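Student: need a structure here:
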Amino acid sequence: MKILQVVPYFSPAWAYGGTPKVAFGLAKALARAGHEVEVFTTDAFDGRRRNPWGGDKVDVEGMKVFYFRNLSNKLAFDHRLFLSPGMVWATRRELKRFDVIHLHEYRTLQNFIVSHYAKKYRIPYVLSAHGSLPRFSRKRGSKKIFDLVFGRRILEDAAGLVAIREEEAQQYKLMGANAQKIRIVPNGLDVGLFENIPEKGRFKREFGLQDRRIILFLGRINVIKGLDFLVRAFNQVQKELEDVVLVLAGPDDGYKRTLLKLIEKLNLTDKVVFVDFLEEERKLSAYVDAEVLVYPSLHEVFGLVPFEAAMCGTPVLVTESSGCAGVFKKIGVDNLVRYGDVVGLERKIVNVLSHLDPKREDVQKIRKYVVDNLNWSVIVEKMVNVYREVVEKR
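Tutor: As a prediction, this is how the structure comes out:
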């Protein structure tokens, strides 16, 4: 099949979180499976820089990627407003060549433009919202306006709607989507990345933490990530265990200033280390050197970080409101804590640090689940079935 992937940020724009990584993994797996894959994206990279390939068509891992220039990098990163007029002309000119189109994220102008021409040219498209459907957190008013003006039409005209898990399927339904169009396909992981992980100690040496035990968070510094909850729990842990340090690794997504005030108020400045975005090798080093990874999200549709940490042999703790909590319950891993239960999270962290060997069994259960269920070779077959289904109904 000739497949077009449309996503506002793509490899190597990892500072934007999980969506570019998932879209890249899927596109690469589709290309490896013999499909003709092209990607329409923008030159978004991070808060300070643009992708150096902006305006170019690049061959990446067997696919053709078009990096259209954004009018403003600041609007792109700070407000998730991607204005790329070049994509409009390319869409009008090129869209007829494809058998199926896959839109990533929900509230983007690119989705509205591409969905409009897809309907005009009668090319089926599927949408993966990647957890972006709810209106909580920031900009609720502008999200509601988008939904009324553009979003409802995007959902109505979609030939297929891809949910990461059942909770997201329910979110589609609450938005008024046709339940018959929804298919559940989880995010995938490139299992091969974990075959040769870095040696232990590299991350601790880089940041001078050789004599500390690391409690790690990795992700965007965003209000929905539950970092105030984690900091308050860590405050209790460090009173009991003197050699611990909390490492918060990821780009600021509007919440760091608030978090710093809390850290200063609790006198934790010398025990909390902020690390900006980590590229792949350094991220793996952080996982390897952490004694435990904590994923304290207020809300997360799925989240791959706990699975990545486990693939590096690191025990993980997650909130019951995290999307991966259902998986851990299913496979019998006792690593869940109620969001906001500071004492409960503190006791869980202390227990992991005091009983690391028994927790390795939980890590092995998670690793087996990833290999059997989340490997891209498994996920891509499910996604291709979705594509074939909508193409056949064309």
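Student: Does residue 164 touch residue 184 like I think?
Tutor: Yes: look at residue 164 against residue 184 with Cβ atoms under 8 Å: they come within range, at 7.4 Å. Where C-beta positions appear, they are placed from N, C-alpha and C, glycine not excepted.
Student: who has more neighbours, those two?
Tutor: Between residue 164 and residue 184, counted using other Cβ atoms under 10 Å, the more crowded position is residue 164 (21 against 14).
Student: quick one: contacts for that one?
Tutor: In this structure, residue 164 makes contact with 128, 130, 131, 184, 185, 186, 187, 301, 302, 323, judged by Cβ atoms under 8 Å, 6 or more residues apart in numbering.
Student: Tell me the confidence at it?
Tutor: Turning to residue 164, the model gives it a pLDDT of 93.
Student: OK, contacts around the nearest residue to it once chain neighbours are set aside?
Tutor: With sequence-adjacent residues excluded and distances taken as Cβ to Cβ, 6 or more residues apart in numbering, residue 164 is closest to residue 302, at 4.4 Å. For residue 302, the set of contacting residues under the criterion of Cβ under 8 Å, 6+ apart consists of 131, 164, 165, 186, 187, 323, 324.
Student: now those residues as CSV including distance to residue 142?
Tutor: What follows is the contacts of residue 302, written out as CSV (distance: Cβ to Cβ, whole Å):
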residue, distance to residue 142
131, 18
164, 24
165, 27
186, 29
187, 26
323, 25
324, 29
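Student: min pLDDT across those residues, which one?
Tutor: The member of those with the lowest pLDDT is residue 323, at 81.
Student: phi, psi of that residue?
Tutor: phi -60, psi -30 (degrees, to the nearest 10).
Student: How much space separates it from residue 184?
Tutor: If you measure residue 323 against residue 184 using Cβ to Cβ, to the nearest Å, the figure is 12 Å.
Student: quick one: common contacting residues for those two?
Tutor: Shared contacts of residue 323 and residue 184 (Cβ under 8 Å, 6+ apart): 164, 165.
Student: Redo the contacts of residue 164 as TSV? Include secondary structure.
Tutor: TSV is the format used below for the contacts of residue 164 (DSSP: H, G, I helix; E, B strand; the rest coil):
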residue	secondary structure
128	strand
130	coil
131	coil
184	strand
185	coil
186	coil
187	coil
301	coil
302	coil
323	coil
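Student: Of these, which count as buried by neighbour count?
Tutor: Buried residues within those, counting neighbours by 16 or more other Cβ atoms under 10 Å: 128, 130, 131, 185, 186, 187, 301, 302, 323.
Student: Can you name the residues that contact the first one?
Tutor: Residue 128 makes contact with 102, 103, 104, 105, 162, 164 under the criterion Cβ under 8 Å, 6+ apart.
Student: before we move on, what about the fifth one?
Tutor: Contacts for residue 186 were tallied using Cβ under 8 Å, 6+ apart; they are 164, 165, 302, 373, 374, 379.
Student: Format these as a markdown table; extra columns: distance to residue 97 and secondary structure.
Tutor: Written out in a markdown table, the entries for those read as follows (distance: Cβ to Cβ, whole Å; DSSP: H, G, I helix; E, B strand; the rest coil):
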| residue | distance to residue 97 | secondary structure |
| --- | --- | --- |
| 164 | 29 | coil |
| 165 | 33 | coil |
| 302 | 32 | coil |
| 373 | 34 | helix |
| 374 | 31 | helix |
| 379 | 25 | helix |
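Student: Show me which of those is closest to residue 32.
Tutor: Using Cβ to Cβ, the shortest approach to residue 32 within the contacts of residue 186 belongs to residue 379, at 12.3 Å.
Student: so what's that closest one scoring on pLDDT?
Tutor: Checking the pLDDT column for residue 379, the value is 97.
Student: And the pLDDT for the closest residue in space to it that isn't next to it in sequence?
Tutor: Taking Cβ to Cβ, 6+ apart as the measure, residue 379 lies nearest to residue 188, with 3.6 Å between them; neighbours along the chain are not counted. Looking at residue 188, its pLDDT stands at 95.
Student: same check, this time on residue 16
Tutor: On the pLDDT scale, residue 16 is placed at 89.
Student: which residues does the closest residue to it other than its chain neighbours contact?
Tutor: Take residue 16 and drop its neighbours on the chain: the residue closest to it by Cβ to Cβ, 6+ apart is residue 9, 4.3 Å away. Shown in contact with residue 9 (Cβ under 8 Å, 6+ apart): 16, 19, 20, 41, 42, 44, 76, 82.
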